[in-house]
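Chemist: just need the structure, nothing else, for what follows:
(chains A, B, C, D and E, ligands or ions: 4)
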Amino acid sequence: GDDPDDASSSGNGATESTPSVEVDEALAARVPDEIGEDGKITVGSDTSYAPSEFIDEDGETIVGFDVDLFSAVAQKLGFEAEFESASFDSIIAGVGSGRYEVGVSSFTINPERLAEATMVSYFSAGTQWAVQEGNPEDVDADNACGLSIAVQRGTVQADDITARSAECEASGEAAIDIQQFEGQDEATAALVSGRVVASLADSPVMAYAVQQTNGQLELLGDIYDSAPYGYVVPQAETEFAQVLADALSALIEDGTYAEILEKWGVEAGAIDDPAVNPAG
Amino acid sequence: MPDTSTTPAPPEQIRAVPVRHPGRWIASAVIAVLAAMFVHMLATNEVFQWDFMVDNMSSDPVLKGARTTLVMTVLAMAIGILLGIVLAVMRLSANPVVSGAAWVYIWFFRAIPRIVLLFFSASLGALYSTYELGFPFDQQIMDLFGFEGDWRFLSLDGNDIFRGFVAGLLGLTLSEGAYAAEIVRAGIQSVDPGQVEAAQALGMSRGKTMRRIVLPQAMRVIIPPMGNETIAMLKDTSLLIAVPVTNELNFQLRAIGSRTFQVIPMAVASILWYLALASLLMIGQHFLEKRFSRGFGNRETRQQRAARRARDVGSTH
Amino acid sequence: MPDTSTTPAPPEQIRAVPVRHPGRWIASAVIAVLAAMFVHMLATNEVFQWDFMVDNMSSDPVLKGARTTLVMTVLAMAIGILLGIVLAVMRLSANPVVSGAAWVYIWFFRAIPRIVLLFFSASLGALYSTYELGFPFDQQIMDLFGFEGDWRFLSLDGNDIFRGFVAGLLGLTLSEGAYAAEIVRAGIQSVDPGQVEAAQALGMSRGKTMRRIVLPQAMRVIIPPMGNETIAMLKDTSLLIAVPVTNELNFQLRAIGSRTFQVIPMAVASILWYLALASLLMIGQHFLEKRFSRGFGNRETRQQRAARRARDVGSTH
Amino acid sequence: MSSAVGTPAPGAVQPMVKAEGVHKSFGHVEVLKGIDLEVAPREVMCIVGPSGSGKSTFLRCINHLERINAGRLWVNGHLVGYREKGGRLHELRDSEVAAQRRDIGMVFQRFNLFPHMTALENVIEAPIQVKGVRRAEARERGAALLERVGLADRVHNYPNQLSGGQQQRVAIARALAMEPQLMLFDEPTSALDPELVGEVLDVMRGLATDGMTMVVVTHEMGFAREVGDTLVFMDDGVIVESGDPRSVLTDPQHERTRSFLSKVL
Amino acid sequence: MSSAVGTPAPGAVQPMVKAEGVHKSFGHVEVLKGIDLEVAPREVMCIVGPSGSGKSTFLRCINHLERINAGRLWVNGHLVGYREKGGRLHELRDSEVAAQRRDIGMVFQRFNLFPHMTALENVIEAPIQVKGVRRAEARERGAALLERVGLADRVHNYPNQLSGGQQQRVAIARALAMEPQLMLFDEPTSALDPELVGEVLDVMRGLATDGMTMVVVTHEMGFAREVGDTLVFMDDGVIVESGDPRSVLTDPQHERTRSFLSKVL
Ligand SMILES: Nc1ncnc2c1ncn2[C@@H]1O[C@H](COP(=O)(O)OP(=O)(O)OP(=O)(O)O)[C@@H](O)[C@H]1O
Ligand SMILES: Nc1ncnc2c1ncn2[C@@H]1O[C@H](COP(=O)(O)OP(=O)(O)OP(=O)(O)O)[C@@H](O)[C@H]1O
Ligand SMILES: [Mg+2]
Ligand SMILES: [Mg+2]
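Modeler: Ligands and ions are numbered 1, 2, ... in the order given. Next up, the predicted model:
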């Protein structure tokens, strides 16, 4: 196959065979009945977040490393994962109301979310900054006061940058001009065009954006604030959550996990101890 | 003093030197320069990536998306207009409860942004997981009298109904109904009341008068704003992203944008697509208008003549 | 056979037994039940979280957002209407270049979804980092003759101008201009051409005729659709998220929603907010309409009398 | 006031229209203040009077386009708009009112032709929709009627392709197509150019000759004198005087009549 | 054709209106086919003729609301709508046309009062806006004019609070406020109820007595006979005959005139 880094730009993220996974009957038996009924797990996902989850060139297929990974988890349990596009805002509520059985959309685990749902960690992502090629404006992530900076609305980075701006103001400097966009693609476009001087996003997303813009951008500084991504299941379904965690562990053990992450070039975020509601 | 005596009465046509309008020429020149600047920009700015854009805007999924968009527009308008006719008739009802209810409906759905409405109709599944038809406050009444059970006779799974296409269609239709109602009502009221009177004097029933006399004439007044509504609806299908409906034009164009991070070319692509589709609908409207102007304006009445004259006067000087 | 001979001519008022309309009562009952069901749902479904909602919808940032929304609505409408008047006059110009340009403008901006337009106006900074006023194709012409340099006389940094509030205002204004133009044009054309003729016959100039005679009368026809436009504009400020303008009502409400995961209560909150703001605007419209109906309809003309009669007939039977 | 009309002589013909103490108010304004009159079959009654005197309102009461407030009104022996049962009046339902109107043709000042239908379609619409006449038959009879009003060659024109006089003649044919027993005319010529008035009056004259019962509100004194059997002068909601047109026109008994006639003659 | 009007006798008064071979077409339809006439100062000329004969069009040509295609038209010695320079005609610019119109008052069939202004505001609008008269002065003169047309008590009413006859009188006052030298009337009474016609004709009669030059298109033969100095009968875009009203009305020379008069009298 192609170079995995290139997976989506060459458009074969979907067609490239994902490693086939054997069913683990013991795990499958522990899946709660109401989920097992139809042999499918319905997944809600905001599919405008490459490379985690996005729409492939055929305009229908949902692809991305989140998709591959959760599909493998589902296969382990003898199920098929059925992804559905949803608006990011509505996924957690949708899981709560039973509209989706699981939410998989690069949700960073944090206390607010844990108050609404049960989560299973499966990946570790941090925040990554990016600037224009050569950093013409000499941006320093730790001293961004007064600059224009783009983030995607509703992400942890939006909170991050808001907090930084507040600090700036507290120390008597100019606030950060925060531009919140609906999608990371628009935030990135704003950076490319120079409307903002920097953008920050989840590390895999930022890496992908830099790659897609053909050298117009570069990564700035290191990944920080690493935190786990988690699958979202209804608050009460701790049992099911544990099954998901165990299935993940099995995938890590048999190497499928690493294989998938490598395929998408995000192996840096691999974890080795998936857990239900991990502390902080 | 006049030269009446010196000029022989001329039978030949008057060929007068027209008044010069330098302002008009300046305006034309300014417009031409602006247009040239615009073309210049399009041609020379590489942000647009024309090749990439053209390739992607005619890809298969985008074409399918355009089809979904058209289908959604047509369906939402068709059902919305039916709903609008019902609401308009209700609004004109002599019964204050009926007309009040229509008023509330129209007020409510006209005041809410469609994007909020769409988001809401997509979230209906979250309000109740099952939708049941039954008596209001049944449970409470039952409790009050110490009974068990409920009075509900039809249950549907909310999450199965309110998703994707159907949720989008529901939101758009409910909203369109309110707008269409006002248009239909204005159309009905625009018909000369003498027409209703004439039909009644001939012994025609209210229903027949409405169907045979009032509505056909109202169509002339209804079609132009309804054409605008249709174009507005076409554009508002771009809001289906709030549901989301994934096989729709705007979603598909944006999906390419978020996959490739070429946001501006795809925004241009959507401008071009919507221009094309809207122009298509405008042409359709033109023919409908022609169809329903039968018997109007073929020959001018005395009043129309007076009107046209004044217009002519207005534009020649 | 009649009873003319048996009934003495009665001077007393006729008190007839009215016709019964069971259909109306059924309709009223159905509506009442539906309304009760709706209230039932609102009261008993804990998805709504009324306490939480009320708290958050009156928080400080939301109130500021509402203010931004109103300011943006008023500004966009005011500038849009001015632009619309210019375009309407251009459309009615006898010069084909001028009226053609207005046509193209209107066609273009009516066909494009506002959300796309807003995104675009926010991206103008990306097209050129500096905006310069100058001759089109200057560079190319210079090259052609082997000169160096350019013919540009004013440079602005695109990214400084086209951001946030200004970009949003630009997009909304450009779009509103197109809609307002059509409304103003319809208003002007609705004025009895005899009015123009009468003014001309009195020796009034075109400009004075327009200002003193035509526009004041056109206002009656212009205000109702312009009221609708204003409400549409209020709602479309929710699209400013594409720019983005972040201190706007819808953005703030959604921000609370996504921060607290109480999406539905916040969607309800935005419905309530928009209902309130729209109702406010509707009241304003009512008073404006009253103001401009001076001299119209105070006393009925012969034709109006005939019209009202037919309406009365229509509603009493 | 009111009961000026006495018991009819035994064996007298039943009047086509009979009004007894007809009152009509709009809000607090009393527009008809007790109208009593009788129109015999085949009679042509002309009503004249100043603007606002209630002529149109009375005509409209006759086919229940307005509802009267007091008094009684019969057309062809039937109470208009009401049914008397157990000593009380009951409103008729819409369909019954519609049925009553079928026997009464009405011609309006502003013609009110259906603009989206040709002359023939205007004429056949009601027979087909209301009486259920077959289309072919209706077309045949409609064409005959249009010929009778002198429009054989304008059958397929839309109203706005016709002159005012032609339009008014189509309107008359349209009313006749329902084969009414009574025709009401509300200033049928006052919206016409002076030269076109004649054509319409000619058609009406023909109808009168054929024995149609007619009530005509008009300002055409010549027509009233020549064709009318009775002339009624109304002012301010009452009948001031009525009688043979020639004598009322040449020798009015009341001051009001005299001053009105001096203005319009 | 055309040059029927010869060189004026030396010392003759300059005509207020003079038309020579005036032609007017709309598209391919020729509506005026060579009109020659003269209206002397203080003369009252009445124009009659069937609908569509071009009466209104001719009136509108006089104040350049229509542009003529051939011939010449002078008002008070000035060519209407053109300037002759170097043997060629030059169109006047809007402001010059407007200036010419100030001397010509026009009264329309449908009044065309400004509905958003009271009677007085209607009357003073043009003097203030066009002539720059001071508001106080304009109000005083406007009130006097309204009193002259018998509307002293209706000064502050809006047009729709006035009867048709009152509206038409306001329209006349409005035209008079510009102190025109010539008044054009286009069927000023034909939109009025018959009893209201008299009030308007009375005002016009008064104007004629005061020596205003007037061109009146009308169907009121009584007025033409009594007030008119000349009666012109137009048909199909030409003047069929003209002369003293009494003789034309009682003894028309042409068949067309006879047949028309037989219809409207
Ligand atoms: N529907 C109505 N509501 C209120 N007033 C009305 C209504 N219809 C008529 N009127 C009033 O009733 C009075 C009589 O009106 P009507 O039209 O019957 O008079 P008319 O004799 O026919 O006059 P015209 O010659 O002007 O037609 C008028 O003052 C009129 O304003
Ligand atoms: N602007 C126009 N465009 C085309 N045809 C016109 C126009 N104005 C008038 N006509 C035509 O010119 C002819 C003469 O019209 P005009 O109004 O002058 O007649 P008129 O004698 O005043 O008739 P009426 O008594 O109906 O007012 C008519 O056939 C009319 O249709
Ligand atoms: Mg009347
Ligand atoms: Mg005319």
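
Chemist: which residue ranges form the strands in the stretch 151-300 of chain B?
Modeler: With DSSP state E, counting those that start in this stretch as the definition, the stretch 151-300 of chain B shows strands at residue ranges B:152-157.

Chemist: actually, the stretch 51-200 of chain D.
Modeler: Taking DSSP E, counting those that start in this stretch as the criterion, the stretch 51-200 of chain D carries its strands at D:70-75, D:78-79, D:82-85, D:88-91, D:104-107, D:182-186.

Chemist: deepest-packed of those, please.
Modeler: Ranked by mean neighbour count, the strands of the stretch 51-200 of chain D are led by strand D:104-107 with a mean of 26 (mean count of other CB atoms under 10 Å in any protein chain shown). All C-beta spots, glycine's among them, are computed from the backbone N, C-alpha and C.

Chemist: residues making contact with that one?
Modeler: Residues outside strand D:104-107 that contact it (CB atoms under 8 Å, 6 or more residues apart in numbering or on different chains): B:198, B:201, D:59, D:62-63, D:65, D:75, D:168, D:171-172, D:175-176, D:178, D:180-186, D:188.

Chemist: equivalent analysis for stretch A:21-39, please.
Modeler: Where contact means CB under 8 Å, 6+ apart, the residues beyond stretch A:21-39 that reach it are A:41, A:72, A:75-80, A:101, A:237, A:239-240, A:242-243, A:246-247, A:250-251, A:254, A:256.

Chemist: quick check: buried residues in it?
Modeler: A:21, A:24, A:27, A:31, A:35, A:36 (16 or more other CB atoms under 10 Å in any protein chain shown).

Chemist: now, which of those residues lie within strands?
Modeler: Taking DSSP state E, every one of these sits outside strands.

Chemist: can you put the residues you listed in CSV and add pLDDT?
Modeler: Supplementary listing: those in CSV, determined by pLDDT from 0 to 100:
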residue, pLDDT
A:21, 81
A:24, 88
A:27, 90
A:31, 88
A:35, 79
A:36, 72
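
Chemist: pick out the residue nearest the middle of the chain.
Modeler: In the absence of a named chain, this looks at chain A. Note on chain A: the residue nearest the mean C-alpha position is residue A:106, at 2.4 Å, using CA atoms, centre = their mean.

Chemist: try again with chain B
Modeler: Nearest to the mean C-alpha position of chain B, counting by CA atoms, centre = their mean, stands residue B:229 at 0.7 Å.

Chemist: which residues touch residue 103?
Modeler: Using chain A. Contact analysis of residue A:103 by CB under 8 Å, 6+ apart lists A:43, A:44, A:45, A:91, A:92, A:94, A:95, A:117, A:231, A:232, A:233.

Chemist: can you look at chain D instead?
Modeler: With contacts taken as CB under 8 Å, 6+ apart, residue D:103 has the following neighbours: D:75, D:76, D:178, D:180, D:181, D:182.

Chemist: which strands and helices lie in contact with the host helix or strand of residue B:66?
Modeler: Here residue B:66, judged by DSSP states H and E, is contained in helix B:60-91. Helix B:60-91 makes packing contacts with helix B:96-111, helix B:164-190, helix B:215-236, helix B:249-260, helix B:263-292 when contacts are defined by 3 or more CB pairs under 8 Å, 6 or more residues apart in numbering or on different chains; DSSP states H and E.

Chemist: between these, which one is closest to residue E:25.
Modeler: Residue E:25 lies closest to helix B:263-292 among the helices and strands packed on helix B:60-91, at 28.4 Å (CB to CB).

Chemist: and the angle from the closest one to helix C:96-111?
Modeler: With axes from the mean of the first three to the mean of the last three CA atoms, to 10 degrees as the criterion, the two stretches helix B:263-292 and helix C:96-111 enclose an angle of 110 degrees.

Chemist: which helices and strands does helix B:263-292 pack with?
Modeler: In terms of contacts (3+ CB pairs under 8 Å, 6+ apart), helix B:263-292 is packed against helix A:184-193, helix B:50-57, helix B:60-91, helix B:215-236, helix B:249-260, helix C:96-111, helix C:114-127.

Chemist: could you check whether the first one is close to chain B?
Modeler: Meaning helix A:184-193. Yes: Helix A:184-193 comes into contact with chain B when judged by CB under 8 Å from any CB of the partner chain, the residues involved being A:184, A:185, A:186, A:188, A:189, A:192, A:193.

Chemist: check which helix or strand residue 207 maps to.
Modeler: All of this refers to chain A. Assigning secondary structure by DSSP H and E places residue A:207 in helix A:203-212.

Chemist: let me rephrase: I mean chain D.
Modeler: Using DSSP H and E, the secondary-structure element containing residue D:207 is helix D:194-209.

Chemist: contacts made by that helix with the rest, please.
Modeler: Contact with helix D:194-209 is made by D:44, D:148-150, D:163-166, D:168-169, D:172, D:176, D:183, D:185, D:188-189, D:192, D:214, D:216, D:220, D:223, D:226-227, E:50-51, E:190, E:219, E:260, E:263-264, as judged by CB under 8 Å, 6+ apart.

Chemist: narrow those residues to those that are buried.
Modeler: Among these, those classed as buried by neighbour count (16+ other CB under 10 Å) are D:44, D:148-150, D:163-166, D:168-169, D:172, D:176, D:183, D:185, D:188-189, D:192, D:214, D:216, D:220, D:223, D:227, E:50, E:219, E:260.

Chemist: what about those residues, which are in helices?
Modeler: Residues from the buried ones among the contacts of helix D:194-209 lying in helices, with DSSP state H as the criterion: D:148, D:164, D:165, D:166, D:168, D:169, D:172, D:176, D:223, D:227, E:260.

Chemist: max pairwise distance over the residues you listed: which two?
Modeler: Spatially, the most separated pair among these is D:176 and E:260, at 30.1 Å (CB to CB).

Chemist: re earlier: the residue nearest to the centre of chain A belongs to a helix, doesn't it?
Modeler: No: membership of residue A:106 in a helix is not supported by DSSP: H, G, I helix; E, B strand; the rest coil, which gives coil.

Chemist: contacts only, for it.
Modeler: Contacts for residue A:106 (CB under 8 Å, 6+ apart) come out as A:49, A:52, A:53, A:66, A:125, A:202, A:205, A:229.
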